[in-house]
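*Asks:* Based on what follows, work out the 3D shape:
(one chain, ligands or ions: 1)
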Amino acid sequence: MVPSDARIFVAGHRGLVGSAILRRLSSAGYENILTATRDQLDLRDQAAVNYWFKANRPDYVYLAAGTVGGIMANSTRPAEFLYDNMMIHGTVVHASHQFDVQKLLYLGSSCIYPRHATQPIDEDQLLSGPLEPTNESYALAKIAGIKLCQSYRTQYGSNFISAMPTNLYGPGDNFNLESSHVVPALMRKFHDAKIAREPKVEVWGTGSPMREFLYVDDLADACVFLMDNYSEAQHINVGTGVDLAIAELAETLAEIIYPRAEIVFDRSKPDGMPRKVLDVTKLRELGWSPKHELRDGLQTTYDWFLSQDLADLRTASVA
Ligand code: GDP
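*Replies:* The predicted model follows:
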């Protein structure tokens, strides 16, 4: 168990995942949570990261920082996705080794798995085939991050573990249509259409891709659980094990936000991976399972969205 007075660094605390981890740690009573904003610390800069680690001496690290985004951002900004993420993983893992961090949890993504992986996808399918082209750069950086943690474990005995969450959503998400994932994008589109009394709402692709969605507070809970209960080299999937078609997701969001909307599919936009649902047997056998149902999680996220300054959310950059 991580002691309640441990010094815990949450890298990426302003993002969807990092902010949820922060909430979870605070509610569990951890007193010494360390954070650094992008202005205070450029995580791509090894010298700056070393300096920060030397000054702040974290005992535990949650590595949730990175350049992230949906299918359009991933396919149009591959250089940023590869460079930023490789650098951030490299600097934080290396500094954690150099400054004697007791345990690090690295967060990857389900896009690390091959495009034609057998569904549901178990952990052993990593590197068993070609990647989905729309997120190849991001996936390569994320795979390098897993291998980095394993390599430090092999060479130095570091207790660095990796969790691979499925598609996430929840309060604190990015609602910028150019860089967001499907849940916040559709939430905003239905909301804006309702306000403008516009009957049609555009959904990218054919609506047939299958995706699994995990409420971000469930992921945060799983991360804290893994920090306490998991110390193996192999990465571990975090999800619900349940998926649905993008068309069904759109219908559910329409019911919550704008039931009279007419859903129109824009087939000029990419579908991405045909299906992506994780096999979560390993995590369930450890004793963890998610608590939030999709519909409830979507409703809570929409309520959060309504409570925000919408002008800020629309222009927010990538987390
Ligand atoms: P992915 O899981 O990496 O493909 O990430 P996304 O969340 O960006 O996209 C999931 C699926 O939702 C893809 O098939 C998208 O084409 C589809 N989708 C439908 N409408 C939208 C939209 O407005 N924004 C995004 N990002 N995806 C959309």
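*Asks:* neighbours around S162, how many?
*Replies:* 26 (other Cβ atoms under 10 Å). All C-beta atoms are positioned from the backbone trio N, CA, C, and that covers glycine.
*Asks:* element containing it, please.
*Replies:* Following DSSP states H and E, one finds S162 within strand 160-165.
*Asks:* Show me what that strand is in contact with.
*Replies:* 17, 93, 96, 103-110, 112, 123, 145-146, 148-150, 152-153, 214, 219, 222-223, 226-227, 230-232, 235-239, 278 (Cβ atoms under 8 Å, 6 or more residues apart in numbering).
*Asks:* Phi, psi for the one residue in the chain that gets nearest to the ligand please.
*Replies:* Closest to the ligand within the chain is G70: 2.8 Å, counting by Cβ to the nearest ligand atom. Note on G70: its backbone torsions stand at phi -80, psi -170 [degrees, to the nearest 10].
*Asks:* unless I'm mixing things up, it is touching S180, no?
*Replies:* Yes. Shown here, G70 and S180 form a contact pair, counting by Cβ atoms under 8 Å, at 5.2 Å.
*Asks:* Partner strands of the strand holding S162 and their direction?
*Replies:* strand 103-107 (parallel), strand 236-238 (parallel) (DSSP bridges).
*Asks:* Now name the helix or strand holding the closest residue in space to R77 that isn't next to it in sequence.
*Replies:* With Cβ to Cβ, 6 or more residues apart in numbering as the criterion, R77 has its nearest non-adjacent residue at 7.4 Å, and that residue is G69. Under the criterion DSSP H and E, no helix or strand holds G69.
*Asks:* Make 28 the first number, not 1, from now on.
*Replies:* In the new numbering, first residue 28, that becomes G96.
*Asks:* all strands of the chain, in order?
*Replies:* 34-38, 59-61, 87-90, 130-134, 187-192, 194-196, 227-231, 237-238, 240-242, 263-265, 271-272, 289-293, 302-303 (DSSP state E).
*Asks:* quick one, what contacts the closest residue to Q125 other than its chain neighbours?
*Replies:* Computed as Cβ to Cβ, 6+ apart, the closest residue to Q125 that is not its neighbour in sequence is N77, at 6.6 Å. Going by Cβ under 8 Å, 6+ apart, N77 touches 118, 122, 125-126.
*Asks:* Any quick PyMOL command for the buried ones out of these?
*Replies:* To isolate the buried subset of the contacts of N77 in PyMOL, counting by 16 or more other Cβ atoms under 10 Å, use the following:
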select buried, resi 118+122+126
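*Asks:* for the contacts of N77, which one is nearest G39?
*Replies:* Distance to G39, by Cβ to Cβ, is smallest for T118 among the contacts of N77, at 12.8 Å.
*Asks:* Pretty sure the closest one sits against D69.
*Replies:* No. Assessed by Cβ under 8 Å, T118 is found out of contact with D69, at 9.0 Å.
*Asks:* Which residue is the nearest non-sequential neighbour of L61?
*Replies:* Leaving aside its chain neighbours, L61 sits nearest to F36 (4.4 Å; criterion: Cβ to Cβ, 6+ apart).
*Asks:* The one you found pairs with what?
*Replies:* So, taking DSSP bridges as the rule, F36 has L61, V88 as bridge partners.
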